[in-house]
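**Q** what's the 3D shape of this:
(one chain, ligands or ions: 1)
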Amino acid sequence: MANTLFYIIVSIILFDFFFDRFLDYLNLKRWSVSLPAELEGIYSDEKYRESMNYFRAKQKFSLVMGSFSLILLLFVLFINGFALLDEFVRSVSDSLIIRTLLFFGVIGLIADLLSTPFSLYNTFVIEGRYGFNKTTVSTFIFDKLKSWFLAILIGGTLLGVVVAFYEYTGKWFWLVAWGVISMFTLFMVMFYSNIIVPLFNKQKPLEEGTLRMGINEFAVRTGFKVKDIFIIDGSKRSSKANAYFTGLGPRKRIVLYDTLINDHPVDELVAVLAHEIGHYKRKHNLTGSMLSLAQTGLLLYILSVFINNPLLSQALGASNGSFYMGLLAFGLLFSPVNLVLSLFTNYISRRNEYAADRFAGENYNPDSLISALKRLSVNNLSNLMPHPLFVFFHYSHPPLLSRIKSLKNI
Ligand SMILES: [Zn+2]
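**A** Next comes the predicted model:
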């Protein structure tokens, strides 16, 4: 039985890998040598070729990295590597909390160290070659250290708390864990900009000037306070531009990248801002948070049904069942369910993007948003012709051409 489960896990991992390659292949086939008619007036011939080369470099990179991870994971599974790690953590401590933290800590550390060369290559070679990279070596190193610190502090604490509940509340642990994780998630949604972002970036309120004046009129008219608009130094890492809406209620804010402000005229910036205000007006952050809380609850409940079954641990080669081995096997088995859940969240997210676009088009100007989106896509060398199936599975934002079409209908 444990053996069957082992091969189910292996099949899921292989399926994930080959399914991604299949979607990549569909995406690659969409590129034609000469500029497609739909992209005339958006990409010049030269920019189109550059975006194609960038796309290919990224895809090749993900193939190499994906193959490396696949081979490594299968190797670890076939030599019962996780069971060996289980034996090691058992020899270190009798406490389930310490064992669990050590178990995932070791896996996380090894995975991170092995992925670092890939991340270096992506940042300094690929992104560098296309002129996007602005990250210095010291920023890269400090980012790494800070994300380790956060992973240990936040990940370690939450995992420790979940294990403690598992030990002391038995079958109700999922409910208590859900409560704690929900409160923590809401806290992070509220304070993300004040606690996490400052570790990595500088944010400053929008300064007096023509931009603020341009934005002010629109913001006031739609009931958004200008003091909740911030500029972030995205240029510290990349020349790519972006903007986002974050937080809830009184802690909401719109964040514009400095790179966006440098590249776009005022009317386009107001249009982007109008899109972000659209997310706020349509309560997308609130519904998004509720949805992710519901998903977490569902996941924890399913986990609680299976976690005490020693088969999970035995499938990974252990002789005894344990919480952390069960959790790991569950995580591997759960990936097809995750794929389905992500289809749903991506669909909702794309629908929200259309709604925010519509808000901006109706309350400001559809043409300014269209030209802003075009400029953003060209500057970021985006793939403007993704395969519909790839979009269906992986895109949280609709592709540019669909957004333009929907904006033109306003
Ligand atoms: Zn949006």
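
**Q** Residues touching the lowest-mean-pLDDT helix or strand in the chain, excluding its own?
**A** Within the chain, confidence by mean pLDDT, DSSP states H and E is lowest for helix 210-221 among all helices and strands, at a mean of 88. Residues outside helix 210-221 that contact it (Cβ atoms under 8 Å, 6 or more residues apart in numbering) are 206, 225-226, 229, 261, 266-267, 269-270, 273-274, 277, 363-364. In this view, the C-beta of every residue, glycine as well, is placed from N, C-alpha and C.

**Q** Take those and write them to TSV, including pLDDT, neighbour count and distance to the ion.
**A** Below are the contacts of helix 210-221 laid out as TSV (pLDDT from 0 to 100; neighbours: other Cβ atoms under 10 Å; distance: Cβ to the ion, whole Å):
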residue	pLDDT	neighbour count	distance to the ion
L206	90	20	19
K225	88	11	19
V226	87	16	20
I229	94	22	15
I261	94	18	17
V266	93	16	20
D267	94	15	18
L269	95	20	15
V270	94	25	15
L273	94	27	11
A274	95	27	11
I277	95	27	10
N363	95	14	15
Y364	94	22	14
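
**Q** Just the ones of the residues you listed in helices?
**A** In helices, judged by DSSP state H, the following of the contacts of helix 210-221 are found: 261, 266-267, 269-270, 273-274, 277, 363.

**Q** Adding distance to L332, write those out as CSV.
**A** As requested, the ones in helices among the contacts of helix 210-221 are arranged in CSV below (distance: Cβ to Cβ, whole Å):
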residue, distance to L332
I261, 44
V266, 50
D267, 50
L269, 45
V270, 47
L273, 43
A274, 43
I277, 41
N363, 47
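
**Q** Where does the prediction get shaky in the chain?
**A** Within the chain, no range satisfies pLDDT under 70.

**Q** Around the ion, pick out the residues from it.
**A** The chain comes close to the ion at residues 353, 356, as judged by Cβ under 5 Å from the ion.

**Q** So which residues of the stretch 201-350 of the chain form helices?
**A** For the stretch 201-350 of the chain, the helices defined by DSSP state H, counting those that start in this stretch occupy 210-221, 258-263, 266-281, 284-306, 310-315, 323-333, 335-363.

**Q** To T135, which of the ones you listed lies closest?
**A** helix 258-263 (13.3 Å; Cβ to Cβ).

**Q** helices or strands next to the closest one in the packing?
**A** Here helix 258-263 touches strand 229-232, helix 266-281, helix 366-379, going by 3 or more Cβ pairs under 8 Å, 6 or more residues apart in numbering; DSSP states H and E.

**Q** In space, what's closest to R253 - neighbours in sequence excluded?
**A** Nearest residue to R253, sequence neighbours excluded (Cβ to Cβ, 6 or more residues apart in numbering): D228, at 4.7 Å.

**Q** residues contacting that neighbour?
**A** With Cβ under 8 Å, 6+ apart, D228 has these contacts: 252-254.

**Q** residues near the residue lying closest to N352 once chain neighbours are set aside, how many?
**A** Spatially, and ignoring its direct neighbours in sequence, N352 is nearest to H284 (4.6 Å; Cβ to Cβ, 6+ apart). By other Cβ atoms under 10 Å, the residues close to H284 number 20.

**Q** before we move on, what about I141?
**A** By other Cβ under 10 Å, 10 other residues sit near I141.

**Q** Can you tell me the element it falls in?
**A** helix 137-150 (DSSP states H and E).

**Q** and what of D94?
**A** Using DSSP H and E, no helix or strand contains D94.

**Q** Would you mind listing the residues in contact with it?
**A** With Cβ under 8 Å, 6+ apart, D94 has no contacts at all.

**Q** repeat for G131
**A** S239 are the contacts of G131 under Cβ under 8 Å, 6+ apart.

**Q** Ok, I229 next?
**A** I229 makes contacts with 205-206, 215, 219, 253-254, 256, 273, as judged by Cβ under 8 Å, 6+ apart.

**Q** Check the gap between it and T287 for me.
**A** I229 sits at a distance of 22 Å from T287 (criterion: Cβ to Cβ, to the nearest Å).

**Q** Which one (most neighbours) among the contacts of D228?
**A** Counting by other Cβ under 10 Å, top hit in the contacts of D228: I254 with 24 neighbours.

**Q** Identify the bridge partners of that one.
**A** Residues in a beta bridge with I254, per DSSP bridges, are I229, F245.

**Q** oh, and call the first residue 525 from now on, that's how I've got it
**A** Got it, first residue is 525 now, which makes that one I778.

**Q** quick one: it and I756 touch, right?
**A** No: the pair I778 / I756 is not scored as a contact, 10.5 Å apart, by Cβ atoms under 8 Å.

**Q** Can you tell me the number of residues neighbouring F579?
**A** Neighbourhood size, F579 [other Cβ under 10 Å]: 20.

**Q** Cross-check the contact I'm expecting between it and Y572.
**A** No: F579 is not in contact with Y572 according to Cβ under 8 Å; the separation is 10.5 Å.

**Q** The closest residue to K749 other than its chain neighbours: neighbour count?
**A** Sequence neighbours aside, A743 is the residue nearest to K749 in space, at 7.1 Å (criterion: Cβ to Cβ, 6+ apart). When neighbours are defined as other Cβ under 10 Å, A743 has 22 of them.

**Q** The ion versus A743, what's the distance?
**A** Here the criterion is Cβ to the ion, to the nearest Å. By it, A743 lies 17 Å from the ion.

**Q** Could you do L677 as well?
**A** Counting by Cβ to the ion, the gap from L677 to the ion is 30 Å.
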